[in-house]
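Participant: Coordinates for the following, if possible.
(one chain, ligands or ions: 2)
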Amino acid sequence: MKLDVDVLRYLSKEDFRVLTAVEMGMRNHEIVPSELIHRIASLKHGGTYKVLKNLLKHKLLHHDSSKYDGFRLTYLGYDFLAIKTMVNRGVFSSVGRQIGVGKESDIFEVAKDDGTVLAMKLHRLGRTSFRAVKSKRDYLRHRSSFNWLYLSRLAALKEFAFMKALEEHGFPVPNAVDCNRHCVIMSLVEGYPLVQVKELQNPDTVFETILGLVVRLAEHGLIHCDFNEFNIMIDENENVTMIDFPQMVSVSHRNAQMYFDRDVECIFKFFTKRFNVSFEETPEESDGSDVDSDETGRPRFSSIKKVTGSLDKELAASGFTRKDQDDIEKFIEGDVEKDLDSDGEGTGDEGHILEASPDVNIKHFDSLCLVEQHEPIVTCDDGDEEEKQHQFA
Ligand code: ADP
Ligand code: MG
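Facilitator: Ligands and ions are numbered 1, 2, ... in the order given. From the prediction side, this is the model:
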């Protein structure tokens, strides 16, 4: 998706007031009646109509008159609200090229005034599978707060909370900088997703590090649930950073064992296929923990002992509530079950659009041997300088 942030500079206070009015209306309406937008925005002299037209022109809103005359925010409209808030907070001041397209997110570089580059992840839950959204909608029908805005916001909130907690416990994750609506700002990982790496100097060491992470996470009460070559970043010194946390669950989840085994399996499969790592000699206690492994070297979930002060408990006590967790789990599990139904081994990450085939366009990049890089597709600079926080009277 093109994120033309230039438009942001030309949007007026009124534009944002109406955009925010639509957002507020969407708490209770999938399509917000025009009349309600007028009332919330309460612009003088019927000014809302003109503003709505402008917002439509820039594709920040979508007009729907199938049931009644109304509007809803587009992803772009929601992006603008989040970006504007972040810019006003001084978190960053410009948006650069897109660096990733996930199944349910878009990732961009953003920069601060001092030139520091950060990563911005815009969550887009429900983008790929209309069917999944629909079944989830059926499930959540009685909850008026449900829509993709709500789910994307939950995903961002969860990702932010988990990233912060993991970082505090010494896990190699990006630094969680800020979060607003469906948008998470984090440090930029200097590296590449493992899927893009063709060769490693020390595949055995990297493999053990990664497997050690799955075990250590479980000891801290958590399972990543999407631990695979798309969500592991690796730098030129072959240091590992894990990313992408909205689907994590507690080890007390009823399907914990299955999720854990699946994460382990993804890593084994990938390292066998890509790096020819063989596992017979994998030392059982390479990470210093006393976790048992089966005869193939795969750690046994049942032998993992939780450390005290587990993260799953800690997170349950954070801003991310039990209800939030239930809602998002229901949504994500639907997808997982669907994936499992369709090919028996869904990782949840098959939908990556920009992922390159490992055997084409090999590009050497210093010590790391990579497959072709993403094209930069978005450039722009500063947001609106004079606009300050838009508020309702
Ligand atoms: P999704 O949940 O949609 O899979 P991810 O968080 O996995 O999204 O991000 C998708 C891609 O974006 C990653 O594979 C990676 O290439 C890139 N990416 C994500 N976060 C960062 C980051 N902090 N630094 C650098 N690249 C990132
Ligand atoms: Mg991912």
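
Participant: and the residue in the stretch 51-200 of the chain that ligand 1 sits nearest to, backbone torsions?
Facilitator: Nearest residue of the stretch 51-200 of the chain to ligand 1 (CB to the nearest ligand atom) works out as Gly102 at 1.5 Å. Where you see a C-beta, it was placed from the backbone N, CA and C, and this is true even at glycine. Per-residue torsions, Gly102: phi -90, psi 180 (degrees, to the nearest 10).

Participant: Is it in contact with Asp244, as I believe?
Facilitator: Yes - counting by CB atoms under 8 Å, Gly102 touches Asp244, with 7.2 Å between them.

Participant: Show me whatever sits in contact with both of those two.
Facilitator: The contact sets of Gly102 and Asp244 overlap at Phe230 (CB atoms under 8 Å, 6 or more residues apart in numbering).

Participant: if you count what's nearby, which of those two comes out ahead?
Facilitator: When Gly102 and Asp244 are compared for neighbours, Asp244 comes out ahead with 29 against 25, by other CB atoms under 10 Å.

Participant: Assign that one to helix, strand or coil.
Facilitator: Three-state assignment for Asp244 (DSSP: H, G, I helix; E, B strand; the rest coil): coil.

Participant: Contact residues of the chain facing ligand 1?
Facilitator: 99-100, 102-105, 107, 119, 121, 174, 186, 188-189, 193, 230-231, 243-244, 349 (CB under 6 Å from any ligand atom).

Participant: out of these, which touch ligand 2?
Facilitator: Contacts with ligand 2 within the residues of the chain next to ligand 1, counted by CB under 5 Å from the ion: Gly102, Phe230, Asn231, Asp244.

Participant: tell me, how many neighbours does the third one end up with?
Facilitator: This means Asn231. 24.

Participant: All the strands of the stretch 201-350 of the chain, in order from the start?
Facilitator: 222-223, 232-234, 240-242, 249-250 (DSSP state E, counting those that start in this stretch).

Participant: Tell me which of the ones you listed lies nearest to Thr272.
Facilitator: strand 232-234 (15.6 Å; CB to CB).

Participant: name the helices or strands packed onto the closest one?
Facilitator: Of the remaining helices and strands, those touching strand 232-234 by 3 or more CB pairs under 8 Å, 6 or more residues apart in numbering; DSSP states H and E are strand 192-193, strand 240-242.

Participant: Swap in 10 Å and give it another go.
Facilitator: For strand 232-234, the packing partners by 3 or more CB pairs under 10 Å, 6 or more residues apart in numbering; DSSP states H and E come out as strand 192-193, strand 197-199, helix 203-219, strand 240-242, helix 256-275.
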